[in-house]
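> Compute the structure for the input listed below.
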Amino acid sequence: MEFILEFTQTFMNLGAVVLLPVIIAALCVFFGLKVGQSIKAGLLVGIGFQGLCLAVTLLIDSIDPVMVYYSSMGTGYDALEIGFAALGAASWTVPFAVFVVPAIIIVNIILVRLKITKVLNVDIWNFMHFLVPGALAYALFGSAILGFAVAFGCGMIALFFAQWLAPKWSEYFGLEGTTCTTLSFCAWTYPICYVINKIIDKIPVVKDLDANIDRVSEKFGVLGDPAVIGIFVGLFLGVLTQQSFSSILTICMGVAAAMVLIPRMVSIMMEGLSPMGGAANDYMRKKIGPDADIYIGMDIALGLGDPACITCTAVMIPVTILIALMLPDMRFFPLAILAEVCYVAPMCVLASKGNIVRTLTCMVFMMTTTLFFANMFIPEATQMLSVTGVEIEGFITASHFGWNPGNLFVSFLKLIFG
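You can find the predicted model right below:
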């Protein structure tokens, strides 16, 4: 059993860039595509995802001077924010991980065959969103069975939220046959932003503000082009933070490049996913019936190609630092979270149907609550890491303790029942 756990950990540590091509190619073969087509589909998805990661890194690196400007305003923190990747990797070391992951996959396949869900979650890299709450329950209550139950429950809940938003996700982002199964975003960010938009619909004047990027493009011609909008966003951030002329130019070009490159990388991913989606639907109709459509559950990163996501991400990174500086009793400074702001954007954009004002409203609310809860549950986060075998001195936290609904549920359960 230990060998299986070590092998799984080693495989997972390779990251989504390696995992995705292997999983997609294997699924393509399973659904009946030829081996050559399957390998090509897997490679395209992996290449697109690698390009997407590089473009997101370019965006973050480009606005680094802006982040440095704001980060210099705060000091005196006693907790370290370690980022979702380190936390997710640590969660694989808990004893029930090797049992709950295959259980989630097997039950998912059974539910699809029984037509209870139309979502097939292939995003195994993001199973960390289920394992982290399970590890937290194990750490706080000392029960591996409870940890297993929490992780398994999160895996099932993600399927049903992903199915609820699948038609909207497919239509808005043009990602036919896919949906998002990343728990923190499909089962937390989207429902909250959905409610926020319903509230905005009741506010006179505000509800009629039309700030959709597509409308901007239509009205202003080349000035509404995503690349030109990127230049303006970079210029705004550079001037606001009193950067030098050369730094402003670098920021402008970095944001503009990200505005163009990120959608292109997503389109490469879709070149690989489209054949698999078609083959999966043919397979399911043949096995179950003509009405058996299926949605492939994917990473939230697939939604990053929308220009509104990139624009709002660039604006929200410095705003997130400001929020951190304004919140009372903050014990950590957001470092890794700044690189994760982009993953909040797709669901905010989707719920707001691309309206920039509404999206920014949703993102301000989501980042405020994320920082607040990540700060509030620092003791729980530190205790969770202690059961993973990862040795670290002092207090820690991460975005998962602010936006993962499984973590919030377990943490509040501990607060209520002690």
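
> Which stretches in this protein count as strands?
79-81, 119-121, 178-180, 295-298, 395-397 (DSSP state E).

> Most tightly packed of these?
Mean neighbour counts were taken over the strands of the chain using mean count of other C-beta atoms under 10 Å, and the top value, a mean of 28, falls to strand 178-180. For every residue, glycine as well, the C-beta is placed using N, CA and C.

> one step back: worst mean pLDDT among the strands of the chain?
Mean pLDDT per stretch puts strand 79-81 lowest among these, at a mean of 82.

> roughly how far is that one from the heart of the chain?
21 Å (C-alpha atoms, centre = their mean, to the nearest Å).

> tell me which strands and helices that strand is in contact with?
The contact analysis (3 or more C-beta pairs under 8 Å, 6 or more residues apart in numbering; DSSP states H and E) places strand 79-81 against strand 395-397.

> Sheet partners, orientation included, of the strand it packs on?
Sheet pairing for strand 395-397, assigned by DSSP bridges, gives strand 79-81 (parallel).

> Identify the residues contacting the partner strand?
Strand 79-81 has contacts (C-beta atoms under 8 Å, 6 or more residues apart in numbering) with 331-337, 374-375, 378, 382, 392, 394-399.

> right, and residue 352 touches residue 362 too?
Yes: counting by C-beta atoms under 8 Å, residue 362 is a contact partner of residue 352 at 6.1 Å.

> more neighbours, these two?
residue 362 (29 against 25; other C-beta atoms under 10 Å).

> biggest helix in this structure, by residue count?
Using DSSP state H, we find that the single longest helix of the chain is helix 245-287.

> Can you mark which positions in stretch 313-333 are buried?
313-321, 323-324, 330-333 (16 or more other C-beta atoms under 10 Å).

> okay, residue 76: pLDDT?
For residue 76, the model assigns a pLDDT of 62.

> swap in residue 137?
94.

> hang on, the earlier thing: tell me which of the contacts of strand 79-81 fall in helices.
Those of those mapping onto helices are 336-337, 374-375, 378, 382, per DSSP H.

> Serialize these to a markdown table and add fields for pLDDT, neighbour count and distance to residue 412.
A markdown table is the format used below for the ones in helices among the contacts of strand 79-81 (pLDDT from 0 to 100; neighbours: other C-beta atoms under 10 Å; distance: C-beta to C-beta, whole Å):
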| residue | pLDDT | neighbour count | distance to residue 412 |
| --- | --- | --- | --- |
| 336 | 77 | 16 | 24 |
| 337 | 85 | 26 | 21 |
| 374 | 95 | 27 | 14 |
| 375 | 94 | 23 | 15 |
| 378 | 93 | 20 | 15 |
| 382 | 90 | 17 | 17 |
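
> ok, back up a step: packing partners of the longest helix of the chain?
When contacts are defined as 3+ C-beta pairs under 8 Å, 6+ apart, helix 245-287 sits against helix 16-30, helix 35-62, helix 64-71, helix 226-240, strand 295-298, helix 307-326.

> Out of these, which one sits most buried?
Each of the helices and strands packed on helix 245-287 was scored by mean neighbour count; the highest is strand 295-298, a mean of 26, by mean count of other C-beta under 10 Å.

> Pairing partners for that one, with directions?
strand 119-121 (parallel), strand 178-180 (parallel).

> For that strand, what is the distance to the chain centroid?
The chain centroid and the centroid of strand 295-298 are separated by 14 Å, computed with C-alpha atoms, centre = their mean.

> who touches that strand?
Contact partners of strand 295-298, identified using C-beta under 8 Å, 6+ apart, comprise 118-123, 158-159, 162-163, 166, 170, 175, 177-181, 273, 276-277, 280.

> Please spell out the PyMOL selection for the buried subset of the residues you listed.
Restricted to buried positions by 16+ other C-beta under 10 Å, the PyMOL selection for the contacts of strand 295-298 reads:
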select buried, resi 118+119+120+121+122+123+158+159+162+163+166+170+175+177+178+179+180+181+273+276+277+280
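
> what stretches of the protein score poorly on pLDDT?
Filtered on pLDDT under 70, the chain yields the residue ranges 1-16, 71, 73-76, 213-224, 290-292, 389-391.

> Taking the chain centroid, which residue in it is the extreme one?
Distance from the centre of the chain peaks at residue 245, with 33.9 Å (C-alpha atoms, centre = their mean).

> separation between residue 92 and residue 34?
Distance, residue 92 to residue 34, using C-beta to C-beta, to the nearest Å: 34 Å.

> which of these two has more neighbours?
residue 92 (22 against 10).

> does the more buried one really touch residue 130, like I thought?
No: between residue 92 and residue 130 there is no contact under C-beta under 8 Å: 11.2 Å.

> Reformat the ones in helices among the contacts of strand 79-81 as CSV; add distance to residue 358.
Converted to CSV, these look like this (distance: C-beta to C-beta, whole Å):
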residue, distance to residue 358
336, 27
337, 22
374, 24
375, 26
378, 32
382, 36
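
> Just flag the most distant two among the residues you listed.
Spatially, the most separated pair among the ones in helices among the contacts of strand 79-81 is 337 and 382, at 16.9 Å (C-beta to C-beta).

> Determine how far the last residue of stretch 289-296 lies from the first.
Chord length of stretch 289-296, first to last residue, is 18 Å (C-alpha to C-alpha, to the nearest Å).

> could you redo the strands of the chain as CSV and give each row distance to residue 66?
Shown next, in CSV, are the strands of the chain (distance: least, C-beta to C-beta, whole Å):
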stretch, distance to residue 66
strand 79-81, 19
strand 119-121, 36
strand 178-180, 28
strand 295-298, 30
strand 395-397, 23
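
> looking at the ones you listed, which is closest to residue 97?
Nearest to residue 97 among the strands of the chain is strand 119-121 (16.4 Å), distances taken as C-beta to C-beta.

> what does the closest one contact?
Contacts of strand 119-121 (C-beta under 8 Å, 6+ apart): 104-105, 108-109, 112, 155, 158-160, 162-163, 166, 179, 181, 280, 294-297.

> Nice, that's everything, thank you.
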